[in-house]
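Asks: Provided below are the primary sequence and the corresponding predicted coordinates.
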Amino acid sequence: MTDSVELSVGIDVARETLAVAILPTGEIWTEQNDEGGRAELARMLSERTPSRVVLEATGGYESLVVAALGLGRDPGCGGESASGA
């Protein structure tokens, strides 16, 4: 039997960059937050098939990342910050 490891991806979205971390592998890297960088991120993640992707939303810059990754909006995810603002 092969043990499968669930991968979790965190992406810190900024105007110019995407800081990416994968657990439990410990992979980290940065992509440019432009069309080419988002395409490369999508390619890299498609090879890894993570069980979850979490984005730190920053001023609407995350919407293009969500679209590039083909992520739908999860019904469990709110559109507000933790403070409710």
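Replies: Ah, there it is.
Asks: close enough to count as contact, R48 and L7?
Replies: Yes - between R48 and L7 a contact is recorded at 5.7 Å, counting by CB atoms under 8 Å. (Glycine included, C-beta is placed from N, CA and C.)
Asks: which stretches of this structure form strands?
Replies: Listed from the start of the chain, the chain has strands (DSSP state E) covering 8-13, 17-23, 27-32, 52-56.
Asks: in the protein, which ranges drop under the pLDDT threshold?
Replies: Under the criterion pLDDT under 70, the flagged ranges of the chain are 1-3, 72-85.
Asks: If we use 90, what do you get?
Replies: For the chain, the stretches with pLDDT under 90 are 1-5, 57-60, 71-85.
Asks: just to revisit the earlier point, now tabulate the strands of the chain in TSV and tack on mean neighbour count.
Replies: Converted to TSV, the strands of the chain look like this (neighbours: other CB atoms under 10 Å):
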stretch	mean neighbour count
strand 8-13	18
strand 17-23	17
strand 27-32	14
strand 52-56	15
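Asks: As JSON lines, these with distance to R38 would be great.
Replies: Compiled in JSON lines, those are given as follows (distance: least, CB to CB, whole Å):
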{"stretch": "strand 8-13", "distance to R38": "10"}
{"stretch": "strand 17-23", "distance to R38": "7"}
{"stretch": "strand 27-32", "distance to R38": "7"}
{"stretch": "strand 52-56", "distance to R38": "12"}
